[in-house]
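Asker: My questions concern the predicted model and sequence given below.
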Amino acid sequence: MNLLTGRNMVERSSKFLFIVVGSVLFMLILYQYVAPGMMNFGSPHGYMLEDDADLFPTPDPHYVKKYYFPIRDLERTVDFEIKGDDVIVFLHIQKTGGTTFGRHLVQNVRLEVPCDCRPGQKKCTCYRPNRKETWLFSRFSTGWSCGLHADWTELTNCVPGVLNKKESRMKNQR
């Protein structure tokens, strides 16, 4: 009877130890999700400093930089005159969030005269503030006027003709 009691005690203590160790590991994992980056066990300070924040201290020799964008291209400003003859042509690229962004262009941009989007219609009317001409060429304002998922070349060749046909006059648009 004494031997049976000893075996039960070992089983109970191992179960208790398993529960305690499992709980501690669970809490550590949970803490990392709730407060990521707040605690760094590799840092002598116990928390992450600005100096410790460099995730890739040495460049990866296998990574070859494919595209080089100069800062002047990334930080440029473009003057867009909505009351003039300028047109924004939205190039929709599949699987990049283009549908969501295109919808935001017609529904959520704060303008003097916002786009008129009617329930149940896929296209919105986006007129300039001073005349009934469109300032946006996109799937949600003009439809797929240049074909389904038209690329840059197709849009470059197609957009001027479609806009001139819609507004029945030749224009020099940017």
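Answerer: Received it, and whenever you're ready, just let me know what you need. Residues are numbered from 1 along each chain as shown.
Asker: can you pull out the strands in this protein?
Answerer: Secondary structure of the chain by DSSP state E: the strands cover 88-89, 136-137.
Asker: so which of those strands is the most packed in?
Answerer: strand 136-137 (a mean of 22; mean count of other Cβ atoms under 10 Å). Any C-beta I mention is one placed from the backbone N, CA and C, and that applies to glycine too.
Asker: neighbouring strands for that strand, and are they parallel or not?
Answerer: strand 88-89 (parallel) (DSSP bridges).
Asker: follow-up on the earlier one: now render the strands of the chain as CSV, adding distance to Arg118 and mean pLDDT.
Answerer: Listed next are those as CSV, based on distance: least, Cβ to Cβ, whole Å; pLDDT from 0 to 100:
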stretch, distance to Arg118, mean pLDDT
strand 88-89, 21, 93
strand 136-137, 16, 94
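Asker: any chance of these in CSV, plus distance to Lys166?
Answerer: Output for the strands of the chain, formatted as CSV (distance: least, Cβ to Cβ, whole Å):
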stretch, distance to Lys166
strand 88-89, 14
strand 136-137, 10
